[in-house]
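Trainee: Predicted model, plus sequence, below.
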Amino acid sequence: MGFFSRLFQPRSDGLTAPSDWSSLPGGEASELVLFDEEAGRVMAQFDIDAAIVGHERWLPWLGSLLQGQRDERLRADVVADDRCSELGQWLHDSGRTALGHFPAFDMLMSRHRYFHQQAAVLIRHAEAGETAQAEQAYKRCQHASRQVVLLLRELQRGLPGARLQAAPPQRQP
């Protein structure tokens, strides 16, 4: 998971991340440090597990379109806006406050936005009866969704206190 730790490590000077990702940073591979009190407070109020579950509900819902089921709530013009989901609302508001200084935040936003764009493409193709194109858009949704979940889990793993739960007990010799 060193790849994500490189992305989640904020710069101490507040500037953007370096373009040279050829070497791994030292220290804990999944460490995410929230430096200020405000960011810690915001993150304490956000349930990442619930966000993951909520996001994962989209795929079966979209998959039902491929089976010929229609749902009036799945409108392409609404779904295309990544703020239509709870996760998207959080990312654009409190999430930006808490995580906006981390280089991976932009990646998480981008992957989430791409998921919603592809979901809208899927809906348009399904409504037009273009099954093959709808299936391709669904595959892109699946891929983007896995990336969003992976980024959220890496974020969760790096939160203060999460390492205490996830770390195996150390044996004494």
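Mentor: Noted; the coordinates are in hand. Numbering: from 1, shown residues only.

Trainee: Residue ranges in the chain under the pLDDT threshold?
Mentor: 1-44, 158-173 (pLDDT under 70).

Trainee: Would you map the helices across it?
Mentor: Secondary structure of the chain (DSSP state H): helices at 2-8, 37-44, 48-56, 58-66, 76-79, 86-92, 94-99, 103-127, 131-158, 162-166.

Trainee: Which elements pack onto the fourth one?
Mentor: Looking back up the chat, that one is helix 58-66. helix 103-127, helix 131-158 (3 or more C-beta pairs under 8 Å, 6 or more residues apart in numbering; DSSP states H and E). Where you see a C-beta, it was placed from the backbone N, CA and C, and this is true even at glycine.

Trainee: now do 10 Å
Mentor: Contact partners of helix 58-66 among helices and strands, from 3 or more C-beta pairs under 10 Å, 6 or more residues apart in numbering; DSSP states H and E: helix 76-79, helix 103-127, helix 131-158.

Trainee: Which positions within it qualify as buried?
Mentor: Neighbour counts over helix 58-66 (16 or more other C-beta atoms under 10 Å) mark 58-59, 62, 65 as buried.

Trainee: that older thread, give me whichever of the helices and strands packed on helix 58-66 is most buried.
Mentor: helix 103-127 (a mean of 21; mean count of other C-beta atoms under 10 Å).
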